[in-house]
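Asker: here you go, sequence then predicted model.
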Amino acid sequence: MKKLVLIGNGMAGIRTIEEIIKREPEQYEITIFGSEPYPNYNRILLSLVLQGDSKVDDIVLNDYDWYKNYGIVLHSGDEVTKVDTENQLVYSSEGKEVPYDKLIFATGSNPFMLPIDGADKEGVIAFRDIKDCETMISTSKSYKKAAVIGGGLLGLEAARGLLNLDMEVDVIHIQDYLMERQLDEPAADMLKKELEDQGMNFLMGKETVKIRGKNRVSSLLFKDGSSIKADLIVMAIGIKPNIALAKEAGLEVERAIVVDDYMQTSAPNVYAVGECVQHRGMVYGLVAPLYEQGKVLAEHITSQTPEQTAGYEGTLLYTQLKVSGVDVFSAGEFVDKEDTKAIRVHDEFEGIYKKVVVRDNKVIGSVLFGDTSDSPRLLDMMKSEQDISEMNKVSILPSEQERGTGESPVVAMAESETICGCNGVCKGDITDAVKTKELSSVQEVTQVTNAGRSCGGCKPLVSDLLEHTLGEEFNKADQKQPMCGCTDHTHEEVQAEIKEKHLTLVREVMNVLEWENKEGCSSCRPAINYYINMVHPLEAEDDANSRFINERVHANIQNDGTFSVVPRMYGGVTNPDELRKIANVADKYNVKMVKVTGGQRLDLLGVNKEDLPGMWEELGMPSGHAYGKAVRTVKTCVGQDFCRFGTQDSIQMGIDIEKKFQGVQTPHKVKMGVSACPRNCAESMIKDIGIVGLQGAWEMYVGGNGGIDLRQGELLCTVETDQEVLDMISAYMQYYRESARYLERTSHWIERLGLEHVKAVVVDDKKRQAELIERMETTLSTFNEPWEQIIQDGKIKQDYYEVKVTS
Ligand SMILES: Cc1cc2nc3c(=O)[nH]c(=O)nc-3n(C[C@H](O)[C@H](O)[C@H](O)COP(=O)(O)OP(=O)(O)OC[C@H]3O[C@@H](n4cnc5c(N)ncnc54)[C@H](O)[C@@H]3O)c2cc1C
Ligand code: SF4
């Protein structure tokens, strides 16, 4: 048997070996050297380990048994120090000398560290391997302030992880907006706002010039003279190919090891794959191209006619950010140029931005934020260079409704469209595997096809495709989706346990249900907090620290770090006294803008956090809850008192509804509207709950949505009296509160459950209706006006509103 030696036990090298074994398991006697003391692991998922969504053991791709089973000799924790290409020998740091017939370099990259004064201090690290992750986790136990240098993919993933470890995180970025290599300004701004909501603090346009501290880092100094404190600094500013060994061995290197289309280096029988490679001038830092390289190399060195195998031609790159709660996709050319045109969708309400860049009737790039479901289709259009001149431009970015309400995008995808970009697996590969190999779970699909084996971003699509392919046989129970990586429990299971075991504290839930990540994360903690408050309204202890920033400070954070304040105006009605108070407060606190909102309220924008309690005190009005996962506004038309078409008193109905349900916490925001006739001036048909007046009756519409997933409400019932309207809202909203998953809008919830089912519970089953109303009444009895509470509580004021000076 010929001898094959691999230097580098990382993602690209081992994938190449897998491809070789798949083709010719007996052709080579394989020896692998890896300087890290582990088997091959999924480096991409280090972000999830840091964020607490996975453990180190979970990200191992090939355990030690795999090497044994294929007769591979693995020297882990042993670095190759010298290669003699003339005598075809490699030498290792532990003194091994191994001959080869074929040699593969897969030495990856090293993180780039800023060469500044103090960069060698204790507490300054990169984010590249398991050791870095462990350092961050252990540091968080003794220190609190972290700074991440670099606002790119890696930096933001590191920052999210550090937040989950309960550290305060400053992200320092030299440019004026984040991820400038992947995003345009609007998408980057939305991303920044979302991450600020999650608790990150950004210092933009700052250049770090010095790291201070005795032995350990204590602060950073910027070029403009300002500084911040830091106990830990993570540098995430880029990578440089690991080429020292190749250079010393005499291989041709430029930015990386130069290879031809068969991944052959300048030396005979020596190949290279992965981040250490330069192919046609390109050096790649994502796995999709590296895996393609591995396939080409495997085919070439196992073939009897290697010169006839297909060469590597380069790869179209795309990016996704792995931060929970943030969906970002970017591919190709996304910057507008003179010869390009763009199709854009920007919904500020739902936080969705989509941009598709077109040149010569071909899609050449795209940026998606907030909803990335179009990404496989767009990527495919880019790869196939599809001519779109005949296409209706709107169909390039269809809304969910145009695709077919609630239908997964996989249904409309062609068999040749890519589902897993990292591993190059298309829809047809998966459907074939499901049918021929009788697969029934996502895990099995991953094992057989590799789809979802790298960044895991495509797993929801794989699940949808499995369901679509299996039809009736798809067993949802087997596919249960855990709440997040901190636990195996689903939302439904957590809620049931909270009820059954009478759990009333967030920490208690995590302890009793044996959370794998003891601290929880930004996905599960707000959800648990919601469930305990919903299930045990009289006993639950609300945990403000488990809430998103807006709900913690009871105001809406804006893109410049200031806040917006919306006082409640029941039914959208105000009076000269209230307007005078608002005007006085706006003047006194230098409010940047007073804006009438779509929900008929006044929004005071541009307020500093420390001014919030004072403003509320002087306003003396209740909070409009415009920031919360809660009942928001009730929009009303002028109704019968003023309008000649009016059949009902819509204003009074709106006021009554708002007064009764103000502040009720719901899985997601709930907007309502009351119109006094079917002309619908209060847009009741696109509200979560819409009331429409008829002669002597009211209609109640539910599940409407006016955002990007535009959805018309459906008729739930028609009632005669005002009291019946209030009762039906109570029953319906309580059922939504109890059966929706946290962060599920009513429009999605009703599609999941079906209108008929909801009707049967809320309208037809009078006993359940009465029970739901009773539980809603209990919840309503606990209402406290949040702004009033804050004004009276000095400790809350100090903890959440006082500005803490750190430098
Ligand atoms: C936190 C993080 C998140 C990421 N997220 C994504 C993502 O979402 N999507 C994506 O596509 N990519 C992502 N990447 C990038 C991806 O992980 C890399 O592109 C990929 O791991 C590179 O594979 P490689 O085999 O070339 O290098 P590596 O995986 O780095 O493997 C190289 C190995 O070679 C070893 N080695 C080096 N020199 C020697 C020697 N002389 N002797 C023995 N062993 C040696 C190294 O120790 C290392 O273990 C991420 C990377 C990180 C760090
Ligand atoms: S909805 Fe009907 S009643 Fe209300 S303002 Fe419009 S036209 Fe008048």
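Answerer: Nice, I can see it. Numbers count the residues shown, from 1 in each chain. Ligands and ions are numbered 1, 2, ... in the order given.

Asker: going forward, measure contacts and count neighbours with C-alpha atoms only.
Answerer: Fine.

Asker: let me see the domain layout of this structure.
Answerer: 2-108+242-308, 111-240, 410-475, 491-547, 629-784 (the TED database).

Asker: and the shortest one, how far apart are its ends?
Answerer: I take that to be domain 491-547. The straight-line separation of the ends of domain 491-547 (Cα to Cα, to the nearest Å) is 17 Å.

Asker: any idea which of the domains of the chain gets closest to ligand 2?
Answerer: For the domains of the chain, proximity to ligand 2 was assessed by Cα to the nearest ligand atom; domain 629-784 is nearest, at 3.4 Å.

Asker: if we can go back for a sec, dump the domains of the chain into TSV; add mean neighbour count, mean pLDDT and distance to residue 391 as well.
Answerer: Converted to TSV, these look like this (neighbours: other Cα atoms under 10 Å; pLDDT from 0 to 100; distance: least, Cα to Cα, whole Å):
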stretch	mean neighbour count	mean pLDDT	distance to residue 391
domain 2-108+242-308	19	94	29
domain 111-240	20	94	25
domain 410-475	19	86	15
domain 491-547	19	90	39
domain 629-784	20	95	21
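
Asker: so can I have a markdown table of these showing distance to ligand 1?
Answerer: Shown next, in a markdown table, are the domains of the chain (distance: least, Cα to the nearest ligand atom, whole Å):
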| stretch | distance to ligand 1 |
| --- | --- |
| domain 2-108+242-308 | 3 |
| domain 111-240 | 4 |
| domain 410-475 | 5 |
| domain 491-547 | 18 |
| domain 629-784 | 25 |
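
Asker: tabulate the ones you listed (CSV), appending distance to residue 605.
Answerer: Output for those, formatted as CSV (distance: least, Cα to Cα, whole Å):
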stretch, distance to residue 605
domain 2-108+242-308, 33
domain 111-240, 15
domain 410-475, 36
domain 491-547, 22
domain 629-784, 18
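
Asker: and of the ones you listed, who's closest to residue 336?
Answerer: Residue 336 lies closest to domain 111-240 among the domains of the chain, at 9.1 Å (Cα to Cα).

Asker: now that closest one, how far from the chain's geometric center?
Answerer: Distance of domain 111-240 from the chain centroid (Cα atoms, centre = their mean, to the nearest Å) equals 19 Å.

Asker: so what's residue 548 scoring on pLDDT?
Answerer: Here the pLDDT value assigned to residue 548 is 76.

Asker: what helices or strands is the strand or helix carrying residue 460 leaning on?
Answerer: Remark: residue 460 resides in helix 459-470, with elements defined by DSSP states H and E. If you count contacts as 3 or more Cα pairs under 8 Å, 6 or more residues apart in numbering; DSSP states H and E, helix 459-470 packs onto helix 409-412, helix 427-436, helix 442-449.

Asker: repeat the analysis, applying 10 Å as the threshold.
Answerer: For helix 459-470, the packing partners by 3 or more Cα pairs under 10 Å, 6 or more residues apart in numbering; DSSP states H and E come out as helix 409-412, strand 418-420, helix 427-436, helix 442-449.

Asker: which residues are contacting it?
Answerer: Defining contact as Cα atoms under 10 Å, 6 or more residues apart in numbering, one finds that helix 459-470 is touched by 373, 376, 407-411, 413, 419-420, 427, 430-432, 434-435, 438-443, 445-446, 451-453, 456, 471, 473-476, 479, 481.

Asker: try it again at 8 Å.
Answerer: 408, 410-411, 419, 427, 431, 434, 440-442, 445, 451-452, 474, 479 (Cα atoms under 8 Å, 6 or more residues apart in numbering).

Asker: that helix vs helix 442-449, what angle?
Answerer: Between helix 459-470 and helix 442-449, the angle comes out at 90 degrees (axes from the mean of the first three to the mean of the last three Cα atoms, to 10 degrees).

Asker: following helix 459-470, which helix or strand comes up?
Answerer: That would be, after helix 459-470 and using DSSP H and E, helix 491-500.

Asker: tell me the gap between that next one and the middle of its chain.
Answerer: Helix 491-500 has its C-alpha centroid displaced from the chain centroid by 24 Å (Cα atoms, centre = their mean).

Asker: residues from this protein in reach of ligand 2?
Answerer: Counting by Cα under 6 Å from any ligand atom, the residues of the chain close to ligand 2 are 637-639, 643, 645-646, 675-677, 679-681.
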